[in-house]
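Student: next input, structure requested:
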Amino acid sequence: MLPKFLLADNSQVLPDKIFVIHNEQPRFIVGCDVEGFSIDQEIYWIDEEPASEELKRELLEQAEEFMDLELEYEEELYALENEEETDENDKSIQ
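Tutor: So this is what the prediction gives:
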């Protein structure tokens, strides 16, 4: 089973863009600026675009929440890895 959302990028071609992929019906991809979900946003519908504006709004809110949480987790993980690396370097100096 695939996750409901995935993050993707193409840093060699579009370094300032990130993509949130929704894998459940209706499937879509949201391209946005790495600095903010609503900045320079483009939506690509893989399946038929829903007629309901409320459903589209709800799906985009879920996609934004997913992206924010994933990027926050990535920052925390990066900070933790740097902290562990610093601790290892300090131990090797002693």
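Student: which non-adjacent residue is nearest the most centrally placed residue in the chain?
Tutor: Geometric centre of the chain, nearest residue: residue 67, 3.5 Å, by CA atoms, centre = their mean. Of all residues beyond its chain neighbours, the one nearest residue 67 is residue 20 (5.1 Å), with distances taken as CB to CB, 6 or more residues apart in numbering. C-beta coordinates here come from the backbone N, C-alpha and C atoms, glycine included.
Student: just checking, that neighbour is part of a strand?
Tutor: Yes: counting by DSSP: H, G, I helix; E, B strand; the rest coil, residue 20 is part of a strand.
Student: burial of it, as a residue count?
Tutor: 23 (other CB atoms under 10 Å).
Student: tell me which stretches of the protein form strands.
Tutor: 5-10, 14-22, 28-33, 42-45 (DSSP state E).
Student: adding distance to residue 86 and mean pLDDT, write those strands out as CSV.
Tutor: Shown next, in CSV, are those (distance: least, CB to CB, whole Å; pLDDT from 0 to 100):
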stretch, distance to residue 86, mean pLDDT
strand 5-10, 27, 95
strand 14-22, 28, 95
strand 28-33, 31, 96
strand 42-45, 40, 97
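Student: is it possible to get JSON lines of the ones you listed that adds distance to residue 81?
Tutor: Below are the strands of the chain laid out as JSON lines (distance: least, CB to CB, whole Å):
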{"stretch": "strand 5-10", "distance to residue 81": "18"}
{"stretch": "strand 14-22", "distance to residue 81": "21"}
{"stretch": "strand 28-33", "distance to residue 81": "25"}
{"stretch": "strand 42-45", "distance to residue 81": "32"}
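Student: and residue 83, which of these is closest to it?
Tutor: Judged by CB to CB, the one of the strands of the chain that comes nearest to residue 83 is strand 5-10, at 23.7 Å.
Student: how close does the residue nearest to the centre of the chain sit to residue 33?
Tutor: Applying CB to CB, to the nearest Å, the value for residue 67 to residue 33 is 11 Å.
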